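A.B. asks: Predicted structure and sequence below. I'll ask about it afterward.
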Amino acid sequence: MASMSTTLDSTPAADGYRMPGEFEPHAGCWMIWPERADNWRLGAAPAQAAYAAVAAAIAASEPVTMACSDTQFERCRSLLPNSVRVVEVASDDAWIRDTGPTFVVDAGGGRRGVDWRFNAWGGHDGGLYSPWDRDERVARKVLESEGDDRYAAPLILEGGAIHVDGEGTVLSTEQCLLNRNRNPELSRQQIEALLHVYLGTEKVIWLGAGVYRDETDGHVDNLACFARPGVVLLTWSDDEADPQQAISADALARLEAAEDARGRSLEVIRLPSPGPLGMSAEEAAGIEPVPGSQPRRAGNRLAGSYANFYIGNEVVVFPLLDERHDEEAAEILAGCFPEREVVGVPGREILLGGGNVHCITQQVPRAVIGG
Ligand code: KQY
């Protein structure tokens, strides 16, 4: 039986904890079942099929827990393989990368979780829905369920806004973390200091903007990520007519000029951009808008990206988004992760809700002695 979860007064860095890279061993993965009809078309049925495919792909090599509402329990259970555990946890939507805890580990085999503050990607200044109080409690409930102690971090931050290499470096974007709608009272230096204290890191590599028209204010997890220490995958476009080209070129220049926390230069591997992709009239018609939620309209540019993938114990699960580029993306990922099976899952329905595979998953690292 799991032990109790206590809220601690100290910080991960002070206690010798660090956030491991996603490519380090996992004890499991959490997800949240989608259901809100103002974000997911056709009462969320197509998105639920997509989430089920992601869960099944990850469950092949690590335990998956799906959080869902009481209303959705029977349906969720019936659409998931038996190997996926389903537990009732209330939420406002289905983005556990952003609402779940960020797990940290120490060398003694300990694991704890950081519970960031959450304001639905910008609160009343560009946020995506209101209220978000159930989302705010998700991280704590996950930690209760895991029996892991909790650090309550005094910073509004979504998990998709950071990537780490597990060796002292954190990657983020200025557009998101320095946005006035997250922590306007804090300077860049204060935000960096809080990142280091809660992630056990020493160096931030700042990228500028995130993927063009990303409704999260440019989460890094849709733009770039560490394949391993010293190696970064970056969404790329050669199309001068596409605003994504200049965004990716700026990110590349910053990455090429950067050194990580260990003083290494970074190898940057480019992933093609799908599309440009847009929401169709039929897709938009399936959404039931409500006041206070982000409107979703026909023709809206979709922030599709192959960088939005999940690194499981034995798989890399990535979104299939554009037949013209899916295969190339799969080949690049296979080259980066030769010991894992690269599995493509239908990503379009998740993208219509504003994110992709990485945004809907949260790894629970395996705590190992010496790790
Ligand atoms: O990028 C992510 N980590 C989450 C995307 C959230 C979109 C909300 N509609």
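C.D. replies: Sure thing, it's come through.
A.B. asks: what's around the closest residue in space to Ala107 that isn't next to it in sequence, how many residues?
C.D. replies: Closest residue in space to Ala107, ignoring its immediate chain neighbours: Gly370 at 5.7 Å, by Cβ to Cβ, 6 or more residues apart in numbering. From N, CA and C alone the C-beta is placed, and that goes for glycine too. Burial of Gly370 is recorded as 6 neighbouring residues (other Cβ atoms under 10 Å).
A.B. asks: tell me the contacts of the nearest residue to Leu177 once chain neighbours are set aside?
C.D. replies: Leaving aside its chain neighbours, Leu177 sits nearest to Ala161 (5.5 Å; criterion: Cβ to Cβ, 6+ apart). Neighbour list for Ala161: 98, 172-173, 176-177, 216, 219-221 [criterion: Cβ atoms under 8 Å, 6 or more residues apart in numbering].
A.B. asks: And the pLDDT for Ala161?
C.D. replies: pLDDT, Ala161: 98.
A.B. asks: before we move on, what about Gly370?
C.D. replies: The score at Gly370 is 79. That number is its pLDDT.
A.B. asks: what do you get for Ala2?
C.D. replies: As predicted, Ala2 sits at a pLDDT of 55.
A.B. asks: Number the chain from 13, please
C.D. replies: Taking 13 as the first residue, the last one we looked at is Ala14.
A.B. asks: measure the residue nearest to Leu189 to Pro377 for me?
C.D. replies: With distances taken as Cβ to Cβ, to the nearest Å, Ala173 is found 19 Å from Pro377.
A.B. asks: got the contacts of Ala173 as TSV, with distance to the ligand, neighbour count and secondary structure columns?
C.D. replies: Formatted as TSV, those follow (distance: Cβ to the nearest ligand atom, whole Å; neighbours: other Cβ atoms under 10 Å; DSSP: H, G, I helix; E, B strand; the rest coil):
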residue	distance to the ligand	neighbour count	secondary structure
Asp110	5	25	helix
Ser184	12	26	strand
Thr185	11	28	strand
Cys188	9	26	helix
Leu189	13	27	helix
Thr228	5	26	coil
His231	4	31	coil
Val232	9	27	helix
Asp233	5	32	helix
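A.B. asks: hang on, Asp147 is in a helix, isn't it?
C.D. replies: Yes. If the criterion is DSSP: H, G, I helix; E, B strand; the rest coil, then Asp147 is within a helix.
A.B. asks: Show the contacting residues for it.
C.D. replies: 103-105, 107, 111, 130, 132.
A.B. asks: okay, now Met78: neighbour count?
C.D. replies: Counted by other Cβ under 10 Å, the residues lying close to Met78 total 25.
A.B. asks: likewise Glu353?
C.D. replies: 14.
A.B. asks: Need the phi and psi values for it.
C.D. replies: Backbone torsions for Glu353, taken as degrees, to the nearest 10, come to phi -80, psi 130.
A.B. asks: Not counting sequence-adjacent ones, nearest residue to it?
C.D. replies: Residue nearest to Glu353 in three dimensions, not counting chain neighbours: Val327, with 5.0 Å by Cβ to Cβ, 6+ apart.
A.B. asks: Between the two ends of stretch 157-166, what distance do you get?
C.D. replies: Using Cα to Cα, to the nearest Å, the end-to-end distance of stretch 157-166 comes to 22 Å.
A.B. asks: and what of stretch 360-378?
C.D. replies: Using Cα to Cα, one end of stretch 360-378 lies 31 Å from the other.
A.B. asks: what does the stretch 113-262 of the chain put close to the ligand?
C.D. replies: 140, 170, 172, 227-228, 231, 233-234 (Cβ under 6 Å from any ligand atom).
A.B. asks: could these be laid out in JSON lines, adding distance to Arg309?
C.D. replies: What follows is those, written out as JSON lines (distance: Cβ to Cβ, whole Å):
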{"residue": "Leu140", "distance to Arg309": "14"}
{"residue": "Glu170", "distance to Arg309": "24"}
{"residue": "Gly172", "distance to Arg309": "23"}
{"residue": "Glu227", "distance to Arg309": "12"}
{"residue": "Thr228", "distance to Arg309": "18"}
{"residue": "His231", "distance to Arg309": "21"}
{"residue": "Asp233", "distance to Arg309": "25"}
{"residue": "Asn234", "distance to Arg309": "20"}
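A.B. asks: Show me which of these is closest to Arg336.
C.D. replies: Asn234 (19.4 Å; Cβ to Cβ).
A.B. asks: Now for the closest one, how many residues are close by?
C.D. replies: Asn234 sits with 27 neighbouring residues when counted by other Cβ under 10 Å.
A.B. asks: burial count for the residue in the chain that the ligand sits nearest to?
C.D. replies: Nearest residue of the chain to the ligand (Cβ to the nearest ligand atom) works out as Gly172 at 2.4 Å. Residues contacting Gly172 under the criterion other Cβ under 10 Å number 25.
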